[in-house]
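Enquirer: This is a predicted model, with the sequence first.
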Amino acid sequence: MLAVENIALEHAELLRFITAGSVDDGKSTLIGRLLHDSKSIFEDQLNAITHTTQRRGMEGVDLSLLTDGLQAEREQGITIDVAYRYFATPRRKFIIADTPGHEQYTRNMVTGASTANLAIILIDARKGVLTQSRRHAYLASLVGIPHLVVAVNKMDLVGHSRRTFERIRDEFMAFTSGLRFDSIRYIPMSALNGDMVVERGDMLGWYEGATLLELLETIPVGHRINLEDFRFPVQWVCRPHTEEMHDFRGYMGRVESGSIHVGDAVTVLPSGQTTRIKEVVTYEGAIERAIAPQSITLTIEDHLDISRGDMLVRTGEHVPRVARECEATLCWLSEQSLDLRRKYLVKHTTRVVKTQISRIDCRVDINTLNHESVETLKMNDIGQVVLKLHQPLLCDSYRRNRATGSFIVIDELNNNTVAAGMIRSGDELN
């Protein structure tokens, strides 16, 4: 029986999700409750957090300590970095990213959200919808997370009031009406007591929906990778220079989207030259077909001038834009504000090019989603900008293809990442 369960778990789907919200909404406690009630805590971990809880003069076990791993977090009782945890049930495997609640750590939330399939926004039932609740919902929509769960936590502190839950639900629904999610679910809960997390509990009988874990186990896990458009940014040109392989020239990299077969016609960008695939090679040997996100080596039938930063796409299909100017949404991550007079570096797939941010069209007000006219972007600001590039990017819109629609902006003086960007298409510019 055990062997059958292990086989089933090995092939179980993986759901990546984040928790977000304002400070003290109970994100870390919620994750601790999920891990504890799903029996995903090792005995030594439980002993360690029990000891820490007692040292603080508290009773019971502070489950939030399972994710608040940094010493500074434990001393302050807040989460300041993204903490990742893994757990599994017989139905599905999970990777959790517990993201910061303080506004000054919103940039960390962008990091955690970039690979998630689902976001849980926690709201303290006593406080209702706050600025950070809106900010995190907007960011989740911005980076393309398909599913949102709004967990109205600490229901035990408002007498498990159905009216309070419905008021918060209606207010949040009004805000998210302009955001893009495949689904939004609302759950009342008490992470501290465990009501509606893994078990239903006895205090929220008026709520007839699924518990949080039931939702996590059953919500569709959509493919985040574009499976239609073949995109292969060249990372390295392989020339072994050995006697056996002196004529070998392979192009190494990762299939960022789509698939490729031996014999397929491909176009090399930005040059526009065409050829056919001769071989598809992995570390295990030659194969007939590769799909995203496999790392492979390609050989071609013709001798063409191809180098790092070029991209192979399938001939005759939808191709990326070859752009020296593009419109993008920027999440500004640096403490140093955007300077329109300076030049920055943009890293996009395997290509790094110099760029100037020629103008800021607007900054998005997170509370109202209105667009504001500004002269600069400060840390945690989200703005719509225009980039002028010294060399062309080979780009799709972020909505169509995350791999070729995203980039980072680097300060070339200190090599710090100062912004994360998403390329916008023509129909997204208003």
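Expert: That came through fine. Numbering: from 1, shown residues only.
Enquirer: what's near enough to touch the closest residue to V255 other than its chain neighbours?
Expert: Leaving out its chain neighbours, the residue that sits closest to V255 by C-beta to C-beta, 6 or more residues apart in numbering is A292, at 4.5 Å. C-betas here are computed from N, CA, C, even on glycine. Residues near A292 by C-beta atoms under 8 Å, 6 or more residues apart in numbering: 225-227, 231, 254-259, 403.
Enquirer: Ramachandran coordinates for A292?
Expert: Per-residue torsions, A292: phi -60, psi 140 (degrees, to the nearest 10).
Enquirer: Restricted to strands, list the contacts of A292.
Expert: 254, 259 (DSSP state E).
Enquirer: And the contacts of A292, which of them are buried?
Expert: 225-226, 231, 254-259, 403 (16 or more other C-beta atoms under 10 Å).
Enquirer: what would these look like in JSON lines with pLDDT and distance to G194?
Expert: Listed next are these as JSON lines, based on pLDDT from 0 to 100; distance: C-beta to C-beta, whole Å:
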{"residue": "I225", "pLDDT": "78", "distance to G194": "36"}
{"residue": "N226", "pLDDT": "86", "distance to G194": "40"}
{"residue": "R231", "pLDDT": "97", "distance to G194": "45"}
{"residue": "R254", "pLDDT": "96", "distance to G194": "42"}
{"residue": "V255", "pLDDT": "96", "distance to G194": "43"}
{"residue": "E256", "pLDDT": "95", "distance to G194": "41"}
{"residue": "S257", "pLDDT": "95", "distance to G194": "41"}
{"residue": "G258", "pLDDT": "95", "distance to G194": "44"}
{"residue": "S259", "pLDDT": "96", "distance to G194": "45"}
{"residue": "A403", "pLDDT": "89", "distance to G194": "39"}
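Enquirer: Tell me the bridge partners for Y186.
Expert: Using DSSP bridges, the bridge partners assigned to Y186 are V150.
Enquirer: shouldn't it be in contact with N153?
Expert: No: using C-beta atoms under 8 Å, Y186 is not in contact with N153, being 11.8 Å away.
Enquirer: Comparing the two, which shows the higher neighbour count?
Expert: N153 (28 against 20; other C-beta atoms under 10 Å).
Enquirer: hang on, the earlier thing: among the contacts of A292, which one sits closest to T218?
Expert: I225 (21.9 Å; C-beta to C-beta).
Enquirer: Give the residue spans of the chain that score low on pLDDT.
Expert: Counting by pLDDT under 70, the chain contains low-confidence ranges at 1-12, 41-54, 56-83, 99-112, 222-224, 242-246, 426-430.
Enquirer: Let me see the contact set for the residue nearest the centre of it.
Expert: Ranked by distance to the mean C-alpha position of the chain (C-alpha atoms, centre = their mean), the top residue is S114 at 1.5 Å. Going by C-beta under 8 Å, 6+ apart, S114 touches 143, 420.
Enquirer: could you pull out the helices for the stretch 101-250 of the chain?
Expert: 106-113, 131-142, 162-176, 212-218 (DSSP state H, counting those that start in this stretch).
Enquirer: Could you export those as CSV, including mean neighbour count?
Expert: Converted to CSV, those look like this (neighbours: other C-beta atoms under 10 Å):
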stretch, mean neighbour count
helix 106-113, 22
helix 131-142, 22
helix 162-176, 16
helix 212-218, 18
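Enquirer: can you pull out the strands in the stretch 301-430 of the chain?
Expert: Along the stretch 301-430 of the chain, counting by DSSP state E, counting those that start in this stretch, strands occupy 311-314, 321-332, 343-348, 351-364, 371-372, 382-395, 406-410, 417-423.
Enquirer: buried sites along the last one?
Expert: Which is strand 417-423. 418-423.
Enquirer: Outside of stretch 269-286 itself, list whatever touches it.
Expert: 250, 260-268, 287-290, 294-302, 304-305, 310-313, 315, 319-320, 322, 392, 394.
Enquirer: Drop anything exposed from the residues you listed.
Expert: 250, 260, 262, 264, 266-268, 290, 296-300, 310-313, 319-320, 392, 394.
Enquirer: coming back round to it: can you tell me which two in the contacts of A292 are farthest apart?
Expert: L227 and R254 (14.7 Å).
Enquirer: Identify the structural domains in this protein and state their residue ranges.
Expert: Domain assignment for the chain by automatic domain parsing gives 2-218, 232-314, 321-428.
Enquirer: What is the distance between the second one and the centre of its chain?
Expert: Read that as domain 232-314. 28 Å (C-alpha atoms, centre = their mean, to the nearest Å).
Enquirer: Identify the farthest-apart pair in the buried residues of strand 417-423.
Expert: Of all pairs in the buried residues of strand 417-423, the most separated under C-beta to C-beta is V418 and I423 at 17.2 Å.
Enquirer: now E317, nearest residue through space, not along the chain?
Expert: D229 (6.5 Å).
Enquirer: I96 now?
Expert: Spatial nearest neighbour of I96, excluding adjacent residues (C-beta to C-beta, 6+ apart): R85 at 4.7 Å.
Enquirer: Tell me who's in contact with C395.
Expert: 320-321, 323, 326, 348, 404-405, 423.
Enquirer: Could you count how many residues lie near the residue lying closest to A125 once chain neighbours are set aside?
Expert: Distances taken as C-beta to C-beta, 6+ apart place V158 nearest to A125, at 4.6 Å, with adjacent residues excluded. As a burial measure, V158 scores 16 neighbours (other C-beta under 10 Å).
Enquirer: now V158: how far from P188?
Expert: 10 Å (C-beta to C-beta, to the nearest Å).
Enquirer: Need the residues touching each of the two.
Expert: A125.
Enquirer: Check which helix or strand E279 maps to.
Expert: Applying DSSP states H and E as the criterion places E279 in strand 273-282.
Enquirer: so what strands line up beside that strand?
Expert: Strand 273-282 has its sheet partners listed here by DSSP bridges as strand 265-269 (antiparallel), strand 285-287 (antiparallel), strand 295-300 (antiparallel).
Enquirer: Many thanks, have a good one.
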